[in-house]
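Trainee: Model the following, please.
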Amino acid sequence: MDANSKVTVIGAGLMGHALALVHAAGGHQVKMQDVSEAQLKRGVELIASALQSMVDAGAIDAAERTKIIARVTPVPALADAVADADLIVEAVVENIPVKTQVFSEIDAAAPLMAILASNTSSLDIFPLVPARRLQRCVIAHWYTPPYIIDLVDLAAGPETDKDILPTMQALYLGMGKKPVLFAKFINGYVANRLQAAMGLEITKLLDEGWASARAIDDSIKYGLALRMALMGALMKADFTGLDMMQRGMVNQTYQPPAPQGSSPTLDRLMEQGRQGVMFGAGYFDYGGMSPEELFHNRDIGLLKLKAEVAVIEKETPLGS
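Mentor: Residues are numbered from 1 along each chain as shown. Here you go, the predicted structure:
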């Protein structure tokens, strides 16, 4: 695949609009489709807003913003959106019946040579895909916001052609992304599994009253994240010394928490309507700031941090 390849993104929600932006920024003509025309309109607005944040952070200039916006075409009908696609990125809700229906509609209208890439975070989608599409089907799982966070998990299905993963890897490397390849689907990949394990510890600390939300996030931001941004986890262990890691495992006096299926703290927040940034509050209050302001500020911060880490990695390499 090259910059002339045509990309269709199915879904214009939180991830869909962002993935349309990612591929348009990579130089592709992108059709973005959603069953909701209101969501499609909103998706276009969110793309424009995200690109403005990138301009404000100095990541792109205003002229490039205009070019990227021009590469995205909203299309209401799925059949029209996929009719001439080279790559179809599925980014609809994590719901088996919905995904099954979407794959069926894609199968009915898309070219047989189109690559089908699902953004699923936890579902094994391969049993849901029509048989004749399986050879050109992969998982391409991204992290929010994907136009800043470069990691993308690429997983093959049991019948995926051997050339598809390298093709997708080359595509995303060419766009400056960091693909991680999996020969087969593994629930949670790597990053989501690590987040899930951390989430269990966080939930236990909150539910049992050992630490506040602020104390937990401060411990992550000012203790873990700064070092991990430069070294990751295993290189950090090398710098600490593996002997200390070994002793820590021997001396551990508690068992990591097991999944409980629910959290009283989380349940209470949900009952109060505190569902996160889009609702004005979650674990934290956001002072009446709009979601657009909060996303803008997040993106500015991430872009500046990303730029600094890139400079540090280049100027002070720590090994391979």
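Trainee: Val30 touches Ala20, doesn't it?
Mentor: Yes - checked against CB atoms under 8 Å, the pair Val30 and Ala20 is within contact range at 4.9 Å. For the C-beta atoms, the positions are set from N, CA and C on the backbone; glycine is no exception.
Trainee: So which of the two has more stuff around it?
Mentor: Taking neighbours as other CB atoms under 10 Å, Val30 and Ala20 compare with Ala20 leading, 32 against 27.
Trainee: Can you read off the pLDDT for the more buried one?
Mentor: With respect to pLDDT, Ala20 scores 98.
Trainee: And Thr100, by the same measure?
Mentor: 97.
Trainee: what number of residues lie near the nearest residue to it once chain neighbours are set aside?
Mentor: Excluding the flanking residues, the one nearest Thr100 by CB to CB, 6 or more residues apart in numbering is Leu128, at 4.7 Å. A count of nearby residues for Leu128, using other CB under 10 Å, gives 19.
Trainee: and stretch 178-190, how far apart are its ends?
Mentor: End-to-end distance of stretch 178-190: 13 Å, with CA to CA, to the nearest Å as the criterion.
Trainee: buried stuff in it?
Mentor: Using 16 or more other CB atoms under 10 Å as the test for burial, stretch 178-190 gives 179, 182, 185, 189.
Trainee: so which of the residues you listed comes closest to Tyr283?
Mentor: The nearest member of the buried residues of stretch 178-190 to Tyr283, counting by CB to CB, is Tyr189 at 24.6 Å.
Trainee: where are the low-confidence patches of the stretch 101-250 of the chain?
Mentor: The model of the stretch 101-250 of the chain has no residue with pLDDT under 70.
Trainee: the helices in it, which residues?
Mentor: 164-174, 191-207, 213-219, 226-231, 234-240, 242-251 (DSSP state H, counting those that start in this stretch).
Trainee: After the helix or strand hosting Arg65, which helix or strand is next?
Mentor: Taking DSSP states H and E as the definition, Arg65 sits inside helix 62-70. Once helix 62-70 ends, the next helix or strand along the chain (criterion: DSSP H and E) is strand 72-75.
Trainee: Distance-wise, check the residue nearest to Phe239 when sequence neighbours are not counted relative to Ile312.
Mentor: Spatial nearest neighbour of Phe239, excluding adjacent residues (CB to CB, 6+ apart): Met231 at 6.6 Å. Distance from Met231 to Ile312, counting by CB to CB, to the nearest Å: 11 Å.
Trainee: Which residue lies nearest the spatial centre of this protein?
Mentor: Nearest to the mean C-alpha position of the chain, counting by CA atoms, centre = their mean, stands Tyr143 at 1.5 Å.
Trainee: how about the closest residue to that one other than its chain neighbours, what does it touch?
Mentor: Nearest residue to Tyr143, sequence neighbours excluded (CB to CB, 6+ apart): Ile149, at 4.4 Å. Taking CB atoms under 8 Å, 6 or more residues apart in numbering, we find Ile149 in contact with 142-143, 302.
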